[in-house]
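here are the coordinates; sequence isn't available:
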């Protein structure tokens with residue numbers, strides 16, 4: 001299989017992960033925070049995001065370099081840790097002591113990976129000029145949505161940023177041909 005095709009499929013995976021993450025917003029509004037449907041959407045999104053996020057690096061690796069690789073790896077690890085937490089909620093329900101050391105460290109590391117990585121990825125994406133500006137705006141919109149009084153909207157904007165970037169990869173609407181980006185990602 002050609003690398004270009006693999007990267008395109010990863011882009012489609014980003015769209016699927018984004019839609020799943022966006023699904024957390026209506027399920028939270030309908031069934032409540034930490035309901036089964038919301039956690040199922042979140043768990044699916046986290047697992048997908050852990051793997052497909054690397055597409056963001058592959059298409060702009062030449063421009064973002066090692067910092068881009070570290071950034072998407074931090075986002076992927078943050079999503080994996082978040083998936084573990086969501087799995088615990090889904091299977092075991094509310095945990096007895098959420099303020100214990102393990103829960104605190106897990107929450108801190110996953111938040112730093114996802115949120116810090118998103119901020120850095122937005123900056124790197126803006127400077128790389130491979131994605132349309134809407135991709136960087138989507139990542140920044142995700143972070144800005146944390147200031148909203150309605151916390152369930154954060155997941156919507158988080159998913160929207162993945163949908164925008166994944167759509168650009170899947171359709172090839174990037175600053176240079178996808179074949180050049182896919183091969184540049186392998187040589188980086």
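Great, that's in hand. Note that this is a predicted model, so its numbers are computed, not measured.

top helix in the protein by residue count?
helix 61-92 (DSSP state H).

buried sites along that one?
Neighbour-count burial for helix 61-92 flags 61-64, 68-69, 71-72, 74-83, 85-86, 89-90 (criterion: 16 or more other CB atoms under 10 Å). To be clear about C-beta, it is placed using only N, CA and C from the backbone, and glycine gets the same treatment.

how close does the spatially most central residue of the chain get to residue 150?
The residue lying closest to the centre of the chain (CA atoms, centre = their mean) is residue 49, at 5.1 Å. Note on residue 49: its distance to residue 150, by CB to CB, to the nearest Å, is 22 Å.

repeat for residue 123
The gap separating residue 123 from residue 150 is 27 Å, by CB to CB.

these two - which one has more neighbours?
Between residue 123 and residue 150, counting by other CB atoms under 10 Å, residue 123 is the more crowded of the two (16 against 11).

elements contacting the helix or strand hosting the more buried one?
Remark: residue 123 resides in helix 117-128, with elements defined by DSSP states H and E. Contacts defined by 3 or more CB pairs under 8 Å, 6 or more residues apart in numbering; DSSP states H and E place helix 117-128 against helix 61-92, helix 133-144, helix 153-171.

now with 7 Å, please.
helix 61-92, helix 133-144 (3 or more CB pairs under 7 Å, 6 or more residues apart in numbering; DSSP states H and E).

kindly reformat those helices as CSV containing mean pLDDT and distance to residue 102.
Below are these laid out as CSV (pLDDT from 0 to 100; distance: least, CB to CB, whole Å):
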stretch, mean pLDDT, distance to residue 102
helix 61-92, 92, 10
helix 133-144, 94, 26
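
to residue 25, which of those helices lies closest?
helix 133-144 (12.3 Å; CB to CB).

low pLDDT regions in this protein?
1, 94-98, 177-188 (pLDDT under 70).

change it to 80
In the predicted model, the chain carries pLDDT under 80 at residues 1, 92-103, 176-188.

so the helix or strand hosting residue 6 versus helix 61-92, what angle?
According to DSSP H and E, residue 6 maps onto helix 3-22. With axes from the mean of the first three to the mean of the last three CA atoms, to 10 degrees defining the directions, helix 3-22 sits at 40 degrees from helix 61-92.

list the buried residues for the very next helix or strand once past helix 3-22?
As assigned by DSSP H and E, the chain's next helix or strand after helix 3-22 is helix 24-31. Of all the residues in helix 24-31, those buried under the rule 16+ other CB under 10 Å are 24-25, 27-28.
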